[in-house]
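Student: Here is a sequence together with a model predicted from it:
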Amino acid sequence: MAASSGLALLFTLFFLGALSLVDSIYIAYNTTQQIVPDKINVHLVAHTHDDVGWLKTVDQYYVGSNNSIQGACVQNVLDSVVSALLADKNRRFIYVEQAFFQRWWRQQSDAMKNIVKGLVSSGQLEFINGGMCMHDEASPLYIDMIDQTTLGHRFIKQEFGQIPRIGWQIDPFGHSSVQAYLLSAEVGFDALFFSRIDYQDRIKRKNLKSLEVVWRGSRTLGSSADIFTGVFPKNYEPPSGFYYEVNDDSPIIQDDIDLFDYNVKQRVNEFVTSALSQANITRTNHIMWTMGTDFRYQYANSWFRQLDKFIHYVNMDGRVNALYSTPSIYTDAKHAAKEFWPLKTEDFFPYADRENAYWTGYFTSRPNFKGYVRTMSSYYLAARQLEFLRGRKSPGPTADSLGDALAIAQHHDAVTGTEKQHVADDYSKRLSIGYVEAEKLVASSLACLTDTTSNSKCSNPSTNFEQCPLLNISYCPPSEVELSQGKYLVVLVYNSLGWNREDVIRIPVISASVIVRDSKGSIVESQLLPILNISLEIRKLHTMAYLGISPGVNPKFWLVFPVSVPPLGFSTYIISSAEKSVSGHPVMSTTYETHESASVIEVGQGNLKLVFNEGKMSHYLNSRNSVNTTIHQSYIYYPGDDGSGADYQASGAYVFRPNGTFPIQPSGQVPLTVMRGPILEEVHQQINPWIYQITRLYRGREHAEIEFIVGPIPVDDEVGKEVVTQITSNVRSEKTFYTDSNGRDFIKRIRDYRSDWDLEVNQPVAGNYYPINLGIYMTDNTTEFSVLVDRSVGGSSILDGQIELMLHRRLLHDDGRGVAEALNETVCAHEDCTGLITAGKFYVRIDPLGDGAKWRRSQGQEVYSPLLIAFSEQNGADWTKSHVPTFTAMDASYSLPDNVALITLQALEDGSVLLRLAHLYEAGEDEDLSRTAKVDLTKLFLHRKIVKIVETNLSANQERGEMEKKRLVWKVEGSLDVEPPVRGRPVDPSKLLVELGPMEIRTFLINFSYISFLEVVDP
């Protein structure tokens, strides 16, 4: 103690002596400090976390309006930071969200832009992560994560010549393996940092000094896609007591000896104590302090003034070393230490921040918005393809607005459903505006591709194509027309997939007297199904709510017919009146059968048959592969906990906390309605007054399509409800099931188990929920049981053999995670509001062991990329004689391999073309399709000559070869030599053959000899 007192006295005298040498009014702070090898180095990372919408809309956050909700103005942040950086060349700052930065950048003068470019070039201002937003990692599809990252990265490269090195996913609510290997390693990042992991996991990692790891997110790509990953000790904020926004209550350094409350020694001691505490749970002599949090640095000088002082005085003290730093500098220091790091595999889901608080509800929150995002994603993919095929035109409609809206929608408080309602409305509005512009692009592109009279630049196509964005609610004005003599409806069907597609489409019509022909004039077999009252009621409500109109005429039937569409191309079908007698009339009305609940019913005309007994699905039979098994489907709801008990945690937008389980049963003996026809058969069930279901089997398909309509969920009893469907098989799954990671890899899950720590189970349902974007499946020694989804949902297997999906949530209490609003969505027409109705589909199939992957991957592609349908009304003349009726961009005899998807084909502003090809299978996933695939670009681009092709990283901002040379390689504890992954060889420009190994995505920038209207050739 005596020694400590002596040191303290010496320290005080030292400071007083040092200060006596200078004017007490002005102190020149020394902020030049660099890394010191033999000390603990405290890397002070100045940052702001700017949500691209949450409590306020993205534009409200940017301009600083609506401050009654939250005092936040990103414009002030950027103005203030630039000024503060200019005041001291040693200061550094990182910025992430390009959606905000681009707004600010557009408003700056050329002089200011040059100043900022200097700050970026010097490293004072560094772009980290670099996407348009900090995307979520549970709800987005990998394609959308790639697209939004690419938009930001290409902007940074074009404006600043910089390539972001570090992933900074500090706020998403759990972290996916796809983020690790694909959106980090394959982008070219050297490290990934974040905050949110399960509270039990964090405790163990602190004890083992394993908060920093090498994350191997892909079993298939192995160590070639490793990423150094740092988890912050607590959150992404400063240590307690070191917050310095204006009005923050942390003690400042008061270093003017002429004023009261001089506290330099006290604050330095507190700094050192906090640094040593963090160093005790961190490997090497480098620690990072995240000096900032949400929307901070609106008055940047209030932060930098204190950071200057800490660096100055802490380094005078000498016990630790403090410096202005960035995650890049920190990562290089960690790498230079040559440390061996623990290995992390799989992912960081689910996330709980404390007992009884699993953030697994947001996997399903706002199901309609999640579905809208997914629909717009596939439309954006197709629109960019068509823009490429037509040729990018300026001026003219583009898909850019939709791309920007989709990028923002991937934000971790957007597609997650964890934003306030008015913000969710804003996201939807942006998507709608983007869609309208992209719809014009699609219509004009299709007109160009079908018009044989247009010139080579297709400036004035003669055909007007219309589309039906509300077809899902049976609203399609182009098809709801009276086809009198001489008038007919042209239905163009575009296929964005790289292989030929045999599918069934349905459109609403007002008359049963119609006939369908293909482009050669042959009659196409078709089927009429009645449009039911429940569909018409949904149509009426939502057209009034969204369009402000009430359609005068309701369609009476769904016209259903099969289509065959070439890859990356279209086919045309003609619908006309069938008033005159037609030999062998092919339009078949559906037969109705009403069965009492006790009846046994068999449906299905092909290999697959389903049996219903006592009103419920009971058996699944496939005559082709001899699958014959029991299967049951039911609905339940979990009452959302209201937080009124001893533990205050309620179920809300983020958190899923069920308070019991209640089966949903029909209120009485409700008969089944069976509709039979030549193309498909349907079983209709009114489960209860607010759940309706259609089980649909298509001829020639071996899966069941289940369409559900759920809502409005009643809350008259003042109980929020989370609605789940359960599909039960006799698969002996032994607690094990598999869920996808953002639509790519499937990850093994074991109920009530974590591979990284001994799980203390306190929520046996919520703690076993995982995000599902593609599907979920389970196996035993003989069988695979798979379910695919049409949007992001939460799901699990709470009992062996059973899969459950959460389809809808309506809750009455906030869960205390910041949004301050209950998840209680409504739809309003005029002043009449009702609870949200959600409608969607999931798909069920049972296969012999080893056969399920083919269906999951191929059907998954078709679910994500539905056929794009466009309509044109014609009079008189024969369409096929004046238009191109069938088209493919490829060689007519070619299609992509069954294990390859075309995920990006986009004409860029500079005349180059962005191409991405993705292998769909993991290593060992399928005996035949988990092999190297080859794509012949000369056949993919039959009528264009490639003059230059450059392979890039995933986000297309650097050549792949350069990325691989630069990426840091990390040492792993106990890592055994493993067989290197199979990857495609470099592309020979003379052969133009692209090879893809399992799970590989390859990205190219291509220059053609011309980019203009493509010569159309009938396959």
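Tutor: Received, thanks.
Student: List the buried residues of the top strand by length along the chain.
Tutor: Ranked by residue count, the top strand of the chain under DSSP state E comes out as strand 627-639. For strand 627-639, the neighbour count (16 or more other CB atoms under 10 Å) marks 627, 629, 631-639 as buried. Bear in mind the C-beta positions are built from the backbone N, C-alpha and C, glycine included.
Student: what does stretch 51-66 contact?
Tutor: 50, 69-76, 97, 99-100, 103-104, 132-134, 171, 294-295, 408, 411-414, 418-420, 422-423, 426-427, 818-820 (CB atoms under 8 Å, 6 or more residues apart in numbering).
Student: In TSV: the buried residues of strand 627-639, plus pLDDT and distance to Y313.
Tutor: Below are the buried residues of strand 627-639 laid out as TSV (pLDDT from 0 to 100; distance: CB to CB, whole Å):
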residue	pLDDT	distance to Y313
V627	95	73
T629	96	72
I631	97	70
H632	96	70
Q633	96	67
S634	95	67
Y635	97	64
I636	97	61
Y637	98	59
Y638	98	55
P639	98	56
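Student: quick one: what helix or strand has S444 in it?
Tutor: Here S444 sits within helix 421-450, counting by DSSP states H and E.
Student: So which other helices or strands are in contact with that helix?
Tutor: In terms of contacts (3 or more CB pairs under 8 Å, 6 or more residues apart in numbering; DSSP states H and E), helix 421-450 is packed against helix 367-390, helix 400-409, strand 487-495, strand 569-577, strand 868-875.
Student: Swap in 10 Å and give it another go.
Tutor: Contact partners of helix 421-450 among helices and strands, from 3 or more CB pairs under 10 Å, 6 or more residues apart in numbering; DSSP states H and E: helix 58-63, helix 367-390, helix 400-409, strand 487-495, strand 569-577, strand 868-875, strand 887-888.
Student: Neighbouring strands of the longest strand of the chain in the sheet, and parallel or not?
Tutor: strand 616-622 (antiparallel), strand 662-664 (antiparallel), strand 721-729 (antiparallel) (DSSP bridges).
Student: For that strand, list the C-alpha coordinates in CSV.
Tutor: Provided in CSV are the C-alpha atoms of strand 627-639 (Å, rounded to 0.1, in the frame of the first residue of the first chain):
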residue,chain,number,x,y,z
VAL,A,627,-42.6,-44.2,-50.0
ASN,A,628,-45.7,-45.1,-47.9
THR,A,629,-45.8,-43.3,-44.6
THR,A,630,-48.1,-41.6,-42.2
ILE,A,631,-48.2,-37.8,-42.1
HIS,A,632,-50.3,-35.4,-40.1
GLN,A,633,-50.7,-31.6,-40.3
SER,A,634,-52.3,-29.4,-37.7
TYR,A,635,-52.3,-25.8,-36.4
ILE,A,636,-51.5,-24.5,-32.9
TYR,A,637,-50.8,-21.2,-31.4
TYR,A,638,-48.5,-20.1,-28.7
PRO,A,639,-49.9,-17.3,-26.4
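Student: Check the buried residues of strand 627-639 against V935 and report the nearest one.
Tutor: Of all these, V935 sits closest to V627, with 33.7 Å by CB to CB.
Student: Kindly state the pLDDT recorded for the nearest residue to T463 once chain neighbours are set aside?
Tutor: Of all residues not flanking T463 in the chain, A447 sits nearest, at 4.4 Å (CB to CB, 6 or more residues apart in numbering). At A447, the predicted lDDT confidence score is 94.
Student: Was I right to think A447 contacts S462?
Tutor: Yes. Contact status for A447 versus S462: in contact at 7.2 Å, counting by CB atoms under 10 Å.
Student: higher neighbour count, these two?
Tutor: It is A447, of A447 and S462, that has more neighbours when counted by other CB atoms under 10 Å, with 22 against 12.
Student: and the contacts of stretch 51-66, which are buried?
Tutor: Of the contacts of stretch 51-66, these count as buried by 16+ other CB under 10 Å: 50, 70, 72-76, 97, 99-100, 103-104, 132-134, 171, 294-295, 408, 411-414, 418-420, 423, 426-427, 818-819.
Student: so how far is P712 from the residue nearest the centre of the chain?
Tutor: With distances taken as CA atoms, centre = their mean, P140 lies nearest the centre of the chain, 1.2 Å away. The span separating P140 from P712 equals 28 Å under the rule CB to CB, to the nearest Å.
Student: now do F842
Tutor: 21 Å.
Student: Run through the residues that contact Y894.
Tutor: 498-499, 566-567, 888, 935-936, 938-940, 942, 1019 (CB atoms under 10 Å, 6 or more residues apart in numbering).
Student: In a helix, it, correct?
Tutor: No. Under the criterion used here (DSSP: H, G, I helix; E, B strand; the rest coil), Y894 is coil, not part of a helix.
Student: show me the contacts for R1002.
Tutor: Taking CB under 10 Å, 6+ apart as the contact definition, R1002 lies against 186, 900, 915-919, 935, 951-952, 954, 960, 983-984, 987, 994-996.
Student: Among the buried ones among the contacts of stretch 51-66, which are located in strands?
Tutor: Checked against DSSP E, the buried ones among the contacts of stretch 51-66 include nothing in strands.
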